[in-house]
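Asker: Build me a model from this:
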Amino acid sequence: MTLVYDIAGVRERFNLKHSDEKLAVTVLSGGPGGERDVSLDSGRCVAEALLARGHDVQVEDIAPDQLGALAREVDCVFVALHGQFGEDGDVQSILERRKLAYCGSGPGACALAMNKAAAKARFVEGNIPTARYAVANSGNIREAMAAWNLPVVVKPVAGGSSLSCYLVDDATQFRPAIETVIEEHGSCLIERYVPGLEIAIGVLGDQALPAIEIRTSRRFYDYQAKYVDDTTEYRFDIDLPDALLQSLGEMSVQAHNLLGCRDFSRVDWRVDNNTMQAFVLEVNVIPGMTSHSLLPKAAARVGIEMPEMCQMLVEMAIRRKFSA
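Answerer: Below is the predicted model:
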């Protein structure tokens, strides 16, 4: 399927001028969570892209008790914080209180997307197919484990980069995996494993970018496959019907909107290779911006290189502040 991305249409709807004006931008990266290393890499890549556009860019490592970076007078803050403090709405709430323009979704959408169970409930309400799931905590492990056919995926309710994520196909490992995640994160999500294709679709502005199929030699698309393993394949030539790929794009924008997201996101899917049915996994409100990351790859596929994409996101944030 050939996807035509309407860059001019996005610029018109978001009142973007494609200005060459030099802007002061602070890029937030690092943070206190388990995705710190990835976030530092994302921040570096974003900063390089904005520097290539001629902007005055400063990269800051930020944490809840380390907010000095926000004292700098800037035109925009680019949040490249993954996971805790970055994607859960905390730093966005601080930016809102300080009335700073910033890229990406607001606090409410971030908190909702970060809570995989709450997001799945919203998908069900919006008739977007998602795999069966249950939430386990220290008080209901037995009930949450009831009536499952293996394999299943066990992972934190709030987390990213597939950290503390387990694909369980051995009944003796089911409860230990749950207990490990609960001990580390307080609760966990049990989700039916969908055999088949791993598909990611970026949303930029209000449009879906080309779908990417992810192929890994590992058991599943884990942290190593995402950020370390150079044998992981990212394919735009996907063996799925054009109608299904079109539907995935449309449902990705719908999922993005259902959660209240804005500017950009990445929507992750599994497509059952027997039934050809698609199931949404989650929406990532601050997708990776590294050399391995999918949103920059998809944007480049339609002619939007990293500097142009970051420019668009900064302009969206600034226009939003002045139109409020």
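Asker: Can you name the residues that contact Glu250?
Answerer: By Cβ atoms under 8 Å, 6 or more residues apart in numbering, the contact list for Glu250 reads Ala208. For the C-beta atoms, the positions are set from N, CA and C on the backbone; glycine is no exception.
Asker: Give me the distance between the helix or strand in which it is found and the centre of its chain.
Answerer: In this structure, Glu250 is located in helix 242-258 according to DSSP states H and E. Mean-position distance between helix 242-258 and its chain equals 15 Å (Cα atoms, centre = their mean, to the nearest Å).
Asker: next one: stretch 255-265
Answerer: 10 Å.
Asker: Kindly report the same for stretch 95-107.
Answerer: On the basis of Cα atoms, centre = their mean, stretch 95-107 sits 18 Å off its chain's mean C-alpha point.
Asker: now stretch 50-63
Answerer: 21 Å.
Asker: The helix holding Glu250: which residues count as buried?
Answerer: Neighbour-count burial for helix 242-258, counted by 16 or more other Cβ atoms under 10 Å, picks out 244-245, 248-249, 251-258.
Asker: can you redo the residues you listed as CSV with pLDDT and distance to Ala71?
Answerer: Below are those laid out as CSV (pLDDT from 0 to 100; distance: Cβ to Cβ, whole Å):
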residue, pLDDT, distance to Ala71
Leu244, 96, 49
Leu245, 96, 46
Leu248, 97, 43
Gly249, 97, 41
Met251, 98, 42
Ser252, 98, 37
Val253, 98, 37
Gln254, 98, 39
Ala255, 98, 36
His256, 98, 32
Asn257, 98, 34
Leu258, 98, 36
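Asker: Please enumerate the strands of the stretch 201-324 of the chain.
Answerer: Secondary structure of the stretch 201-324 of the chain (DSSP state E, counting those that start in this stretch): strands at 207-208, 212-215, 233-235, 264-272, 278-284.
Asker: Sheet-wise, list the partners of the longest one with their directions.
Answerer: In other words, strand 264-272. Paired strands of strand 264-272, with direction, are strand 196-204 (antiparallel), strand 278-284 (antiparallel) (DSSP bridges).
Asker: Now that strand: average pLDDT?
Answerer: Here strand 264-272 scores 97 as its mean pLDDT.
Asker: Kindly report the same for the second one.
Answerer: Averaged across strand 212-215, the pLDDT comes to 93.
Asker: Could I get the buried residue list for that strand?
Answerer: Buried residues in strand 212-215, counted by 16+ other Cβ under 10 Å: 212-214.
Asker: and which of these is nearest to Lys155?
Answerer: Using Cβ to Cβ, Ile214 is the member of the buried residues of strand 212-215 that lies nearest Lys155, at 16.7 Å.
Asker: Was I right to think that closest one contacts Ile199?
Answerer: Yes. Counting by Cβ atoms under 8 Å, Ile214 touches Ile199, with 7.4 Å between them.
Asker: just for the stretch 101-250 of the chain, where's the confidence low?
Answerer: Low-confidence segments of the stretch 101-250 of the chain (pLDDT under 70): 159-163, 217-230.
Asker: show me where it has helices.
Answerer: 107-114, 116-125, 141-145, 171-185, 223-227, 242-258 (DSSP state H, counting those that start in this stretch).
Asker: mind saving the C-alpha coords of the second one as PDB?
Answerer: What that stands for is helix 116-125. C-alpha atoms of helix 116-125 as PDB (Å, rounded to 0.1, in the frame of the first residue of the first chain):
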ATOM      1  CA  LYS A 116      -2.100   0.000  30.100                       C
ATOM      2  CA  ALA A 117      -5.200  -1.400  31.800                       C
ATOM      3  CA  ALA A 118      -7.000   2.000  31.800                       C
ATOM      4  CA  ALA A 119      -6.000   2.500  28.100                       C
ATOM      5  CA  LYS A 120      -7.300  -0.900  27.200                       C
ATOM      6  CA  ALA A 121     -10.600  -0.100  28.900                       C
ATOM      7  CA  ARG A 122     -10.800   3.000  26.800                       C
ATOM      8  CA  PHE A 123     -10.000   1.000  23.600                       C
ATOM      9  CA  VAL A 124     -12.900  -1.400  24.500                       C
ATOM     10  CA  GLU A 125     -15.200   1.500  24.900                       C
END
